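# Could you work out the structure for the sequence below:
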Amino acid sequence: MAPTPSSVASTAVSERYRVDALAVLTETSVDTIRYYQKQGVLHHPEREGRIGWYDQSHVDRLTEIKRLAGSGFTLSQIADLQSTSADPLLAALQNQHDSSKRVTRDELIALSGLAAGPVDLAISVGLLGAPDATDFDASAVEMLSSAAALLDAGLPIPELAKLAVRHAQHVEQLVDDAIELFASSTAPDRDLAADEVQRIVPQVSALVAKHFETTLVNRALKRAGGES
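Numbering: from 1, shown residues only. Next up, the predicted model:
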């Protein structure tokens with residue numbers, strides 16, 4: 001029998017949860033909780049005889065699993081992140097992309113100024129994360145706001161979407177090459193490398209953005225002047 005709100009509340013006071021109460025609190029099915037344990041992404045409860053007791057750490061971990069899964073991570077990747085969470089270099093990389101602020105599809109529509117159709121198109125082709133994601137990094141709002149401005153300027157949606165997909169396909173290889181360069185050039189000490197990440201990543205991002213802007217303007221000027 002599912003726990004009543006009063007039983008959940010009384011359990012919460014002691015910060016110990018039976019599995020059915022944990023399922024209610026985290027909006028996760030009991031079967032899913034047990035599956036996560038078998039896959040090694042959720043730690044097992046404390047045992048008292050045949051009863052398993054969960055605590056706030058399980059609530060926090062389930063929240064984190066759902067957030068990462070919604071961002072497109074597989075359970076295997078989530079397990080890897082858990083095992084390396086104390087690594088200062090990985091922590092620095094994660095800090096460069098703060099995904100703690102999440103927005104829903106409806107919030108994307110409301111905040112970006114785009115209609116539902118273009119937003120759904122951007123989601124479906126994977127421009128904002130996993131195509132089946134239900135929430136998104138807050139930076140997606142800025143991306144879609146820029147797209148709205150382009151559409152207001154008269155650019156057609158299908159052609160703009162094709163450009164965005166081509167960009168996504170090519171930028172992944174560029175990013176992989178940049179990571180290889182970074183890995184071969186930075187300090188072997190993970191703490192020192194973490195410091196370099198904090199310093200270098202924003203500069204690289206600014207460099208790429210400025211190069212694209214400059215190239216776009218220069219080529220547009222040439223075409224306007226009749227040059228090929």
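# Only C-alpha atoms from now on, for both contacts and neighbour counts.
OK.
# quick one: T104 and A133 touch, right?
No. Assessed by Cα atoms under 8 Å, T104 is found out of contact with A133, at 9.3 Å.
# Give me the more crowded residue out of these two.
Set T104 next to A133 and count neighbours by other Cα atoms under 10 Å: A133 wins out with 19 against 14.
# Please enumerate the helices of the protein.
With DSSP state H as the criterion, the chain has helices at 5-13, 19-26, 30-39, 56-70, 75-83, 88-95, 105-112, 116-124, 139-152, 157-185, 190-224.
# Looking at the fourth one now, give me its mean pLDDT.
Yep, that's helix 56-70 we're talking about. Averaged over helix 56-70, pLDDT sits at 87.
# Report the buried residues of it.
58-59, 62, 65, 67-70 (16 or more other Cα atoms under 10 Å).
# quick one: Q169 and A69, what's the gap?
22 Å (Cα to Cα, to the nearest Å).
# quick revisit: kindly reformat the helices of the chain as CSV containing distance to R50.
Putting the helices of the chain into CSV (distance: least, Cα to Cα, whole Å) gives the following:
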stretch, distance to R50
helix 5-13, 18
helix 19-26, 12
helix 30-39, 15
helix 56-70, 18
helix 75-83, 27
helix 88-95, 38
helix 105-112, 42
helix 116-124, 45
helix 139-152, 46
helix 157-185, 49
helix 190-224, 43
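# Tell me which of these approaches E48 most closely.
Closest approach to E48 among those (Cα to Cα): helix 19-26, 13.3 Å.
# just the angle between that closest one and helix 30-39, please?
Here the directions of helix 19-26 and helix 30-39 differ by 100 degrees (axes from the mean of the first three to the mean of the last three Cα atoms, to 10 degrees).
# For helix 19-26, what is the distance to the chain centroid?
25 Å (Cα atoms, centre = their mean, to the nearest Å).
# tell me the mean pLDDT over that helix?
93.
# can you pull the buried residues of it?
Result for helix 19-26 [16+ other Cα under 10 Å]: buried residues 19-24.
# what's the closest of these to I51?
Taking Cα to Cα as the measure, I51 lies nearest V19 of the buried residues of helix 19-26, at 9.2 Å.
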